[in-house]
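Visitor: when you get a sec, could you give me coordinates for this:
(2 chains)
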Amino acid sequence: MNEWERIEYKPMPVRNLLVEMKNLSELMLDLAYSAALFNSSELAEDVLELERRVDTLAYLLKMNTMVAARNPRDAEALIGVSIVASSANKISDAAGDIAHIVIRKIGIHPLVREAFEKVEENLSRAEVAPNSVLVDKTLEELEFAARIGIDIIAIRRGKEWIINPKNHELLLKGDVLIARGTPAGVDELKNLAEGISRELEG
Amino acid sequence: MIEEHFQRIVDSLVALKDTSELMLDLAYSSLLLNSRELAQEVHELEDYVDDLHTEFELLVLSSGFKQEESKDFLGLIRLGVVTEQIADAADDIAHIVLRELEPHPVLRIAIEEADETVTHAQVSEGSPLKDKTLREARIADETGMWILAIRRGKRCIRPKPDTKIEVGDILIASGYAEGEDDFKRLVSGREESEESIPLF
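Guide: All right, here's what the predicted structure looks like:
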């Protein structure tokens, strides 16, 4: 299962590498906590896959910052970039550790998991019912962030996962949405997905 | 009795998770704003997390679990370790500011281009938030932005539901970029914010 990818230097903008590392590490943390809350090994496997991606990015970023530093001043200016990248990598590793709890079936005490789910208002999941108004709409049309203050961080479609879905992504019946947002927004999303609420305000 | 013990474990875990994530948000903001004070806040929260973590581990270990339950409790211990790692990562970021390394322009771009943004606004006389508690203010429901910290004069207050919002407070919030304008309008009580106020 562990394939070691050979990493070769590629000239890439440090900025793009850093943006991707930061975004992925934060997404991974949300996914990892969701994996633990919902005891989902699929979600945990995805976290581990993203962890490998972040590792690769970390190597590339380090090589590119080394090449970019030509004098002591450059080195002083770039050390901060390198530290932030290392921090993002640490966070990605931490998310990976949560995923391992799930995959190795170490488990989290069920009573704690239940209680944790109740207070952890920011994360939630909702399944799109066949009669939901969300069916066959794109995320762009739905404008969840602006209308109800939530962000879809992942969509599970059968065995497939769409991580950090793009605006043009179409929602289908049976999709499981993993969302993060305000308590009211999360409730509203559940109602919309389950077909209880038929209207999207705003 | 047992339920009470579990509730304490959960409360402690939630505090650890929230604080470590707050630290990360504040650390990125300190870099974005090149703010020593925010960075210092992160550094102090790191000590706080250390205490919380010890307390959490002691609570878990004193649960009086049976041998067959040990795996469930190991999972809890591991979750605690993860929050500590996140707090460390945030502290590392804050150190860039505390050691007075000039933040590279790339960092600013990376933080601002990320999905979430950090912003701040000052509570004015005319703001509907004046004298409300954070619970009553429902800022997250209204704007989709979460309050990270409240700056009141020289103090930086960790937001709690009972914290009362006062005129002159600077609310520092993070969330999706779409909510930023709504947030500024709500806090300042004005339609258009004239110019951006300095954080310090």
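Visitor: would you map out the domains in chain A?
Guide: A:14-103, A:121-193 (automatic domain parsing).
Visitor: and the ones you listed: which comes nearest residue B:80?
Guide: Of all the domains of chain A, the one in closest proximity to residue B:80, counting by CB to CB, is domain A:14-103 (11.0 Å). For glycine as for every other residue, the C-beta is placed from the backbone atoms N, C-alpha and C.
Visitor: list the contacts of residue A:51.
Guide: Residues in contact with residue A:51 (CB atoms under 8 Å, 6 or more residues apart in numbering or on different chains) are A:28, A:92-93, A:95-96, A:99.
Visitor: next one: the closest residue to residue B:179 other than its chain neighbours, what pLDDT does it get?
Guide: Nearest non-adjacent residue to residue B:179, counting by CB to CB, 6 or more residues apart in numbering or on different chains: residue B:144, 3.7 Å away. Note on residue B:144: pLDDT of 81.
Visitor: do the same with residue A:133
Guide: Reported pLDDT for residue A:133: 94.
Visitor: with chain B as the reference, measure out to the nearest residue to it once chain neighbours are set aside.
Guide: Distances taken as CB to CB, 6+ apart put residue A:198 closest to residue A:133, at 5.6 Å, once the chain neighbours are dropped. Between residue A:198 and chain B the computed distance is 21 Å (CB to the nearest CB, to the nearest Å).
Visitor: for residue B:175, grab the count of nearby residues.
Guide: Residue B:175: 27 surrounding residues under other CB atoms under 10 Å in any protein chain shown.
Visitor: sheet partners, orientation included, of the one helix or strand it maps to?
Guide: If you go by DSSP states H and E, residue B:175 is part of strand B:170-176. In the sheet, strand B:170-176 lines up against strand B:116-122 (antiparallel), strand B:145-152 (antiparallel) (DSSP bridges).
Visitor: among the contacts of residue A:51, which ones are in helices?
Guide: Secondary structure from DSSP state H places A:28, A:92-93, A:95-96, A:99 of the contacts of residue A:51 in helices.
Visitor: out of those residues, which are buried?
Guide: Buried subset of these (neighbour count, 16 or more other CB atoms under 10 Å in any protein chain shown): A:28, A:92-93, A:95-96, A:99.
Visitor: so can I have TSV of those showing distance to chain B and pLDDT?
Guide: What follows is these, written out as TSV (distance: CB to the nearest CB, whole Å; pLDDT from 0 to 100):
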residue	distance to chain B	pLDDT
A:28	11	89
A:92	10	97
A:93	7	97
A:95	8	96
A:96	9	97
A:99	10	94
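Visitor: what's the burial count for residue 63?
Guide: Just going to use chain A. Counted with other CB under 10 Å, residue A:63 comes out at 17.
Visitor: oops, wrong one, chain B.
Guide: Neighbour count of residue B:63, defined by other CB under 10 Å: 18.
Visitor: so which strand or helix has it?
Guide: Secondary structure (DSSP H and E) places residue B:63 outside all helices and strands.
Visitor: for the closest residue to chain B within chain A, phi and psi?
Guide: Nearest to chain B in chain A, going by CB to the nearest CB, is residue A:149, at a distance of 3.4 Å. Residue A:149 adopts backbone torsions of phi 70, psi 30, taken as degrees, to the nearest 10.
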